[in-house]
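Colleague: I'd like to go over a predicted model; first the sequence, then the structure.
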Number of protein chains: 2
Amino acid sequence: MELLKARIRKDGRVRGSDVLKVDSFLNHQIDVDFLGELGKEFCQRFEGCGVTKILTIEASGIGIACITAQFFRVPVLFAKKNQTRNIAGDVYTSPVESFTHGRTYDIIVAKEFLTSQDRVLIIDDFLANGKALEGLCKLVEDAGATLIGAGIVIEKAFQPGGDRLRRQGIRIESLARVKSMNEETGVQFY
Amino acid sequence: MELLKARIRKDGRVRGSDVLKVDSFLNHQIDVDFLGELGKEFCQRFEGCGVTKILTIEASGIGIACITAQFFRVPVLFAKKNQTRNIAGDVYTSPVESFTHGRTYDIIVAKEFLTSQDRVLIIDDFLANGKALEGLCKLVEDAGATLIGAGIVIEKAFQPGGDRLRRQGIRIESLARVKSMNEETGVQFY
């Protein structure tokens, strides 16, 4: 998606060889009008798939998921990273190894909100090693729901997650696929 | 706001004397069309205030903040609860005591996204003891920004946060103010 690539070139900042900071518009400060354009694009790509629910993971997936869900006219469900006293009862859970935080945590959704009738589109801001996406896919599978696919804003295609999950048959639509990046030359896209 | 009170009466579940579960439409599963109605209401209440930025806190504030921000045509900034390696550099920080999680954590925003030129509307899903809102107000103050006020979806008005912060001169607009609740009789509103 050229609009997104242009925005990353303009406002993204590369740190080292694998950190792409887009916190001025995507995952700390959020440009909601711009996210509307991304949401529209996801809606076109998954048109006619009968999506009934958008699944994401806290925290940085929530904004893009909510704005995208407005185009699909379906609810969002966001997986929580820790069980709090406010989620009681039956949950689906899946362990996720976090590259950013250097630890493994459980992600959780309440069973009542993800059922075998659901046709689920997963939305997230980044895909790199694919651990979060894998965990979300497992929640969908455990619920007996139908996985339509995953809509990703930025895929670090030089990391193994996207290829591994596509080989498993999962449809992944990434709006920008980063081929390589470094602090001197910036970001190269596919 | 009658629409919200009706939805809470229909879908909210009271646990004990102080937990109100609204996770079927507000803070786990999210009804984005319904949140659009709440966002429109916030926009009317704070019309003409010159809001330049909406500030919230991860995770459950992000959805309502993003959808509300579409009506104001301003960016969202969400405070993060832990410093990760992806937020480098200068940050404003404030300690927040969490009732839900039983611990104190720091909330953080990058200084570059909150400046003395900003006129800030804080948006959050719940106001109870007011600790999160207080922490967000401190970030605004530290940045030298102008605090327009706070838009809250559900205020537990039987807890002390709202009254304490209003006494400090902060304008708080809560769309539903809970007077009392219990498992037998449900929720009573002001």
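Modeller: Everything's here; your move. Source: prediction; values computed, not measured.

Colleague: so which residues of chain A form helices?
Modeller: A:2-11, A:32-45, A:61-72, A:131-142, A:161-167 (DSSP state H).

Colleague: and those helices as TSV, adding distance to chain B, mean pLDDT and mean neighbour count?
Modeller: Backbone N, C-alpha and C define where each C-beta goes, glycine included. As requested, those are arranged in TSV below (distance: least, Cβ to the nearest Cβ, whole Å; pLDDT from 0 to 100; neighbours: other Cβ atoms under 10 Å in any protein chain shown):
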stretch	distance to chain B	mean pLDDT	mean neighbour count
helix A:2-11	12	98	15
helix A:32-45	5	98	19
helix A:61-72	4	98	26
helix A:131-142	13	97	20
helix A:161-167	17	98	16
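
Colleague: what's the closest of those to residue B:11?
Modeller: For the helices of chain A, proximity to residue B:11 was assessed by Cβ to Cβ; helix A:61-72 is nearest, at 17.8 Å.

Colleague: surely residue A:135 is in contact with residue A:95?
Modeller: Yes: Residue A:135 lies in contact with residue A:95 (Cβ atoms under 8 Å); the separation is 6.9 Å.

Colleague: shared neighbours of the two, which are they?
Modeller: Shared contacts of residue A:135 and residue A:95, defined by Cβ atoms under 8 Å, 6 or more residues apart in numbering or on different chains, comprise residue A:107.

Colleague: picking up where we left off before, pipe the helices of chain A into CSV and attach distance to residue B:38 per row.
Modeller: As requested, those are exported to CSV (distance: least, Cβ to Cβ, whole Å):
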stretch, distance to residue B:38
helix A:2-11, 28
helix A:32-45, 15
helix A:61-72, 12
helix A:131-142, 27
helix A:161-167, 35
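
Colleague: now for these, which one comes closest to residue B:119?
Modeller: helix A:32-45 (16.9 Å).

Colleague: give me the residues contacting that closest one.
Modeller: A:1, A:3-4, A:7, A:25-26, A:63-64, A:67-72, A:121, A:123, A:151, A:153, A:173, A:175, B:66, B:69-70, B:73, B:75-76.

Colleague: returning to what we had before: the helices of chain A: which one's closest to residue B:108?
Modeller: helix A:61-72 (17.3 Å).

Colleague: dump that closest one to PDB, restricted to CA.
Modeller: What follows is helix A:61-72, C-alpha atoms only, in PDB (Å, rounded to 0.1, in the frame of the first residue of the first chain):
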ATOM      1  CA  GLY A  61      -3.400  -3.700  18.000                       C
ATOM      2  CA  ILE A  62      -6.600  -2.300  19.500                       C
ATOM      3  CA  GLY A  63      -6.700   1.100  17.700                       C
ATOM      4  CA  ILE A  64      -6.200  -0.300  14.200                       C
ATOM      5  CA  ALA A  65      -8.600  -3.200  15.000                       C
ATOM      6  CA  CYS A  66     -11.400  -0.900  16.200                       C
ATOM      7  CA  ILE A  67     -11.100   1.500  13.300                       C
ATOM      8  CA  THR A  68     -11.000  -1.400  10.800                       C
ATOM      9  CA  ALA A  69     -14.000  -3.100  12.500                       C
ATOM     10  CA  GLN A  70     -16.100   0.000  11.700                       C
ATOM     11  CA  PHE A  71     -15.800  -0.800   8.000                       C
ATOM     12  CA  PHE A  72     -16.800  -4.500   8.500                       C
END
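
Colleague: packing partners of that helix?
Modeller: Secondary-structure packing of helix A:61-72 (3 or more Cβ pairs under 8 Å, 6 or more residues apart in numbering or on different chains; DSSP states H and E): helix A:32-45, strand A:53-57, strand A:76-79, strand A:119-127, strand B:29-30, helix B:32-45, helix B:61-72.

Colleague: just want the angle from the last one to helix B:32-45.
Modeller: Meaning helix B:61-72. 60 degrees (axes from the mean of the first three to the mean of the last three Cα atoms, to 10 degrees).

Colleague: over to the fourth one?
Modeller: Per the same axes, to 10 degrees, the angle that strand A:119-127 makes with helix B:32-45 is 60 degrees.

Colleague: now swap in the second one and tell me
Modeller: Counting by the same axes, to 10 degrees, strand A:53-57 lies at 70 degrees to helix B:32-45.

Colleague: who does strand A:53-57 pair up with?
Modeller: Its sheet considered, strand A:53-57 pairs with strand A:76-79 (parallel), strand A:119-127 (parallel) by DSSP bridges.

Colleague: and the contacts of it?
Modeller: A:62, A:64-65, A:68-69, A:72, A:74-79, A:81, A:96, A:107, A:109, A:113-114, A:118-124, A:132, A:135-136, A:139-140, A:145.

Colleague: pull the contacting residues for the residue positioned nearest the centre of chain A.
Modeller: In chain A, the centroid-proximal residue (Cα atoms, centre = their mean) is residue A:124; its distance is 1.3 Å. Taking Cβ under 8 Å, 6+ apart, we find residue A:124 in contact with A:56, A:57, A:61, A:64, A:65, A:132, A:133, A:136, A:150, A:151, A:152, A:153.

Colleague: any idea how far residue A:155 is from it?
Modeller: To residue A:155, residue A:124 is 10 Å away according to Cβ to Cβ, to the nearest Å.

Colleague: show me where pLDDT drops low in chain A?
Modeller: A:83-89 (pLDDT under 70).

Colleague: thinking again about what came up before, out of the contacts of residue A:124, what pair is the most spread apart?
Modeller: Every pair of the contacts of residue A:124 checked by Cβ to Cβ; the farthest is A:136 and A:153, at 14.8 Å.

Colleague: and the closest residue to residue A:179 other than its chain neighbours, what does it touch?
Modeller: Leaving aside its sequence neighbours, residue A:179 sits nearest to residue A:188 (Cβ to Cβ, 6 or more residues apart in numbering or on different chains; 4.6 Å). By Cβ under 8 Å, 6+ apart, residue A:188 lies in contact with A:178, A:179, A:180, A:181.

Colleague: try it again with 7 Å
Modeller: Residue A:188 is in contact with A:179, A:180, A:181, counting by Cβ atoms under 7 Å, 6 or more residues apart in numbering or on different chains.
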